[in-house]
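Participant: model the structure of this input:
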Amino acid sequence: MAPAERITVIRRLAEIYAGRSKEMAALISNEIGAPIGFAQRAQVGLPTVMMAAFSDLAENYPWQQDRAGFYGAPVRIRKEPVGVVGAIVPWNMPQFLTIGKLVPALLAGCTVVVKPSPESTLDALLLGEILAELDLPPGVVSIVPGDAVTGAALAGHPGVDKISFTGSTAAGRAVAASCAPNLTKVSLELGGKSAGIVLDDADPQTVAAAISSASLSNSGQICNALTRILVPQHRAGEFVDALAAQMSTLTVGDPSDKATRVGPLVSARQQQRVRGYITEGQQAGARLVVGGAEMPRGLDTGWYVRPTLFADATNDMSIAREEIFGPVLTVISYRDVHDAVAIANDSDYGLAGAVFTADTDRGVAVAERVRTGTFGVNQGYTMDPFAPFGGVKGSGYGRELGPEGLEGYLDSKSIAVAQ
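Facilitator: I've put the predicted structure just below:
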C-alpha cells in the first residue's frame with residue numbers, strides 16, 4: 001500500500017478502537033489490577049491519542065526526497081519498511097506499549113507479530129478482534145501469546161527483520177543476544193530508576209502532588225516513574241513531610257472503584273518482590289516514613305502493597321539502585337546542585353527524570369546535565385506522541401514515539417543515477 005492508504009487504515013482503526021474503549025479499559029483493569037480511572041485515562045485513552053498523532057506524523061513525513069549529491073548528480077532517498085517486525089510487550093501498560101510499536105510499524109509498511117505478556121494476553125486478543133474489522137490482508141498482524149520461550153523464538157527467528165522490545169534490563173540483554181546471530185535489528189526500552197531533583201526554591205506541596213502522580217500511577221508499575229527523590233539537605237524535612245502527607249491520602253483498594261488510586265500489583269510474585277525491597281530498605285538503615293511491608297489497612301486479601309516512603313537513604317542502597325516496580329519512593333538528600341546531578345547520574349539506568357523549581361531556566365540547565373533519554377521540568381516526564389521516548393545506559397537504546405519512532409521501522413535507500 002501507499003503511505004496514504006496506510007494512514008487511512010490507521011485512522012479507521014482509531015475510530016473502531018475508541019468505540020470499544022470502555023470494554024478495553026475494564027478488561028485491562030481486571031487482568032492486571034490497574035485502577036479503572038487510570039485504565040480509562042492512560043491504558044486506553046493514550047493509545048487512541050497516539051493513533052491520531054502517528055497518522056498526523058505520517059502525513060507530513062518525507063517518504064521520498066531528492067537531494068544534490070556531492071559529485072553533482074542528484075540522489076534519491078527512499079524510506080522503505082524494514083520488513084517483518086516482532087513486537088514483544090510487557091504487562092504494565094499493555095495497550096499503550098503495543099500501539100506504540102504496532103501503529104508506526106504498520107504506517108511504515110511493515111507486517112507485525114505481537115507477543116503480549118502472559119499476564120496481559122486478553123487485551124491483546126481483544127485488539128485482535130478490533131484489527132479483524134479492518135479487513136487487512138492475512139498475516140499483516142499476528143498475535144502470538146506466550147512466555148519468555150515464545151519471545152526468544154521470535155527474537156531468534158531468521159524471518160524477523162526487526163524486534164521492538166519493552167521490558168526489564170535483564171530480559172533485554174537476552175533478547176539482544178537472541179537477535180545477534182541473524183543480525184536482526186533491535187530496539188530496547190528497558191528499566192529505569194529515575195531521579196526527581198527538587199531544587200531549593202520549589203514548593204513542597206506542589207512537588208508532592210506532581211511526584212505522587214508521576215511515581216505512583218498504576219500502583220508504581222511504570223518504567224519512567226520518579227522513584228529516587230533528591231531534596232536539598234537544608235529543606236529535606238519539609239519535602240519529606242509533604243510527600244508523606246500526600247501519599248497518606250491515596251486510596252488503596254478495589255481497582256474497579258473510581259476512587260481507588262492504588263490497586264493491587266499484577267501478581268503475588270510481584271507483591272512479594274516489592275515487599276522484599278521494603279524490608280531490605282529498613283534493614284539497610286533507611287527511615288520508613290509511611291507504608292511498610294504489611295497489608296494496607298482494611299484489606300485482608302489481594303496483591304496489595306502500601307504506598308511506602310523512605311527517607312534518610314543513600315544512593316548505594318538497593319532501594320535507590322534497583323528498579324522496584326511498585327509504590328515505593330526513596331528520598332535522598334544532596335548538598336548542592338552539582339551534588340544532585342552527580343547522584344542522579346550515579347545509576348545504571350538512564351530512562352527518565354525530572355526537576356522541580358520556581359525558575360524554569362534553572363530547571364532546563366539541570367535537565368541538560370542529567371544523562372537520560374527523557375526529562376521533565378516541573379512535571380514527571382509526560383510521553384508526548386510527537387517526541388521521542390527511550391533511554392541510555394541500562395535503560396536500552398532506540399526510540400519510540402515521534403518521527404524517530406516511525407523511522408525505527410524504516411530503512412533508508414539511496415538511488416544514484418549516472419549522468
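Participant: only C-alpha atoms for contact and neighbour calcs from this point on.
Facilitator: Fine.
Participant: okay, strands next: where are they in the stretch 301-419 of the chain?
Facilitator: 308-313, 328-334, 353-356, 376-377, 396-397, 410-416 (DSSP state E, counting those that start in this stretch).
Participant: need the residues that contact the second one.
Facilitator: Contacts of strand 328-334 with the rest of the structure, by C-alpha atoms under 8 Å, 6 or more residues apart in numbering, involve 215, 220, 226-233, 236, 240, 278, 307-315, 319-320, 340.
Participant: and the pLDDT at T8?
Facilitator: T8 is assigned 97 on the pLDDT scale.
Participant: which of the helices or strands spans it?
Facilitator: Assignment of secondary structure by DSSP states H and E places T8 within helix 3-19.
Participant: now whichever helix or strand comes after that helix, how far from the chain's geometric center?
Facilitator: Tracing the chain past helix 3-19, the next element assigned as helix or strand by DSSP H and E is helix 21-32. Centroid displacement of helix 21-32 relative to its chain, using C-alpha atoms, centre = their mean, to the nearest Å, is 19 Å.
Participant: rewinding a little: how about the strands of the stretch 301-419 of the chain in a markdown table, adding mean neighbour count, distance to L102 and mean pLDDT?
Facilitator: Output for the strands of the stretch 301-419 of the chain, formatted as a markdown table (neighbours: other C-alpha atoms under 10 Å; distance: least, C-alpha to C-alpha, whole Å; pLDDT from 0 to 100):
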| stretch | mean neighbour count | distance to L102 | mean pLDDT |
| --- | --- | --- | --- |
| strand 308-313 | 22 | 35 | 98 |
| strand 328-334 | 25 | 32 | 98 |
| strand 353-356 | 28 | 26 | 98 |
| strand 376-377 | 20 | 26 | 96 |
| strand 396-397 | 22 | 18 | 98 |
| strand 410-416 | 14 | 13 | 96 |
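Participant: so for G196, which of those sits nearest?
Facilitator: strand 353-356 (4.7 Å; C-alpha to C-alpha).
Participant: ok so, going back, closest to G159 out of the strands of the stretch 301-419 of the chain?
Facilitator: Across these, closest to G159 is strand 410-416 (C-alpha to C-alpha), at 16.7 Å.
Participant: give me the domain ranges for this structure.
Facilitator: 3-190+391-416, 194-377 (automatic domain parsing).
Participant: so where do the helices sit in the stretch 1-150 of the chain?
Facilitator: Along the stretch 1-150 of the chain, the segments classed as helices by DSSP state H, counting those that start in this stretch run 3-19, 21-32, 36-38, 45-59, 94-108, 122-132, 148-155.
Participant: reformat those helices as JSON lines; add distance to D359.
Facilitator: Shown next, in JSON lines, are the helices of the stretch 1-150 of the chain (distance: least, C-alpha to C-alpha, whole Å):
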{"stretch": "helix 3-19", "distance to D359": "39"}
{"stretch": "helix 21-32", "distance to D359": "38"}
{"stretch": "helix 36-38", "distance to D359": "31"}
{"stretch": "helix 45-59", "distance to D359": "30"}
{"stretch": "helix 94-108", "distance to D359": "33"}
{"stretch": "helix 122-132", "distance to D359": "43"}
{"stretch": "helix 148-155", "distance to D359": "46"}
